[in-house]
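Visitor: The following comprises the amino acid sequence and a computationally predicted model.
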Amino acid sequence: MLLALKNVSKIYKLGEQEIRALNEVTINVDEGEFVAVMGPSGSGKSTFLQVASLLSSTEKGDIFLKGRNVTKYSEVELAHLRNREIGFIFQQFNLLARTSALENVALPMVYAGVGAAERRARAAAMLEKVGLLDRLGNTPAQLSGGQQQRVAIARALVNEPAIIFADEPTGNLDSKSGEDIKNLLKELHQEGKTIVMVTHEAEIAQIAKRIILFHDGELIYDEKFGYNKSLKSQKTIEYVDMLKKKRKPPRLIFGKVTGK
Ligand SMILES: Nc1ncnc2c1ncn2[C@@H]1O[C@H](COP(=O)(O)OP(=O)(O)OP(=O)(O)O)[C@@H](O)[C@H]1O
Ligand SMILES: [Mg+2]
């Protein structure tokens with residue numbers, strides 16, 4: 001097991017108000033899995049990703065990465081762990097402006113203590129992998145949205161993380177660029193990378209091997225295990241039926257591979 005959350009809750013406090021963005025979430029992700037996270041707006045998908053990627057602290061529960069309980073790690077330890085083990089792809093790309101594609105991709109290696117020559121070589125190789133070898137010197141403003149997201153993916157991969165998180169990676173892209181990013185993520189999965197991706201689009205979720213569903217901060221459905229019984233509702237059943245109709249074989253339902 002690569003990543004595990006056990007009874008994790010996240011509460012945002014805004015003055016007097018408390019928002020329970022995650023409520024007792026338990027999930028395991030194995031090495032090589034491709035998980036799509038779905039659910040309505042405000043259901044806790046981004047919060048889940050931030051918590052699972054150790055970007056955001058929690059009020060309750062435990063998080064395990066590669067078998068180690070990292071819940072009580074200090075900020076410094078977490079920053080180090082994130083740099084080495086976690087890649088993150090954002091909807092808004094989050095590249096440094098006025099900084100070349102090459103330097104954007106090389107940046108995580110600066111924090112990892114990699115020497116300058118090796119940084120350049122590895123960043124260039126990674127940009128070649130995402131099809132941008134001819135754009136190394138371009139700044140984000142000199143790249144299309146799809147190209148910027150490919151730079152961001154190269155940056156997420158460059159330290160060879162154990163797991164990659166993506167929050168609506170195609171959300172800001174036109175359908176053609178979205179399709180390119182979808183194919184790139186598919187390729188990464190085929191190479192054995194572990195990916196956890198939030199998406200609103202059922203079409204994009206199809207490339208994942210396991211879909212999980214959030215509602216009001218709770219994990220209500222997991223394609224690997226089925227419904228969280230206490231949270232099963234007519235609305236969930238209808239949503240899951242819609243997803244299942246779109247599923248192409250082989251598909252995972254309740255842990256068994258069917259439809260072959
Ligand atoms: N920094 C924050 N402070 C306070 N409340 C927050 C914060 N971030 C998120 N929330 C609240 O937590 C809940 C879950 O938000 P989250 O961003 O995880 O939803 P989401 O499923 O990603 O939605 P979307 O599909 O719109 O991106 C929402 O009610 C949201 O208003
Ligand atoms: Mg979100």
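Guide: In hand now; what should we look at? Ligands and ions are numbered 1, 2, ... in the order given.

Visitor: what bridges to Phe88?
Guide: Phe165 (DSSP bridges).

Visitor: list the contacts for it?
Guide: The contact partners of Phe88, taken as Cβ atoms under 8 Å, 6 or more residues apart in numbering, are Ser53, Leu55, Ala156, Ile164, Phe165, Ala166, Asp167. Every residue, glycine included, has its C-beta placed from N, CA and C.

Visitor: Only the buried members of these: can you turn that into a PyMOL selection?
Guide: Entered in PyMOL, the line below selects the buried ones among these, by 16 or more other Cβ atoms under 10 Å:
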select buried, resi 53+156+164+165+166+167
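
Visitor: for Asp174, what are its contacts?
Guide: By Cβ under 8 Å, 6+ apart, the neighbours of Asp174 are Gly145, Gly146.

Visitor: do that again at 10 Å, thanks
Guide: By Cβ atoms under 10 Å, 6 or more residues apart in numbering, the residues touching Asp174 are Ser144, Gly145, Gly146.

Visitor: try Leu132
Guide: So Leu132 contacts 101-102, 105, 124, 126, 138, 143, 147-148, 150-151, 153-154 (Cβ under 10 Å, 6+ apart).

Visitor: Go again with 7 Å.
Guide: Each residue near Leu132 by Cβ atoms under 7 Å, 6 or more residues apart in numbering is listed here: Ala101, Gln147, Arg150, Val151.

Visitor: what do you get for Tyr239?
Guide: Here Tyr239 is in contact with Leu213 (Cβ under 7 Å, 6+ apart).

Visitor: distance of it from ligand 1?
Guide: 14 Å (Cβ to the nearest ligand atom, to the nearest Å).

Visitor: near ligand 1 at all, stretch 2-21?
Guide: Yes: counting by Cβ under 6 Å from any ligand atom, contacts between stretch 2-21 and ligand 1 involve Tyr12, Leu14, Ile19, Ala21.

Visitor: Check which helix or strand the residue nearest to the last one when sequence neighbours are not counted maps to.
Guide: Looking back up the chat, that one is Ala21. Using Cβ to Cβ, 6 or more residues apart in numbering and skipping residues adjacent in sequence, the residue nearest Ala21 is Thr47, 4.1 Å away. Assigned by DSSP states H and E, Thr47 belongs to helix 45-52.

Visitor: Show residues contacting that helix.
Guide: 3, 5, 8, 10, 21-22, 25, 37, 39, 56, 58, 165, 167, 196, 198, 214.

Visitor: And whichever helix or strand comes after that helix, what does it pack against?
Guide: Using DSSP H and E, the helix or strand that follows helix 45-52 in sequence is strand 60-65. For strand 60-65, the elements it packs on are strand 3-14, judged by 3 or more Cβ pairs under 7 Å, 6 or more residues apart in numbering; DSSP states H and E.
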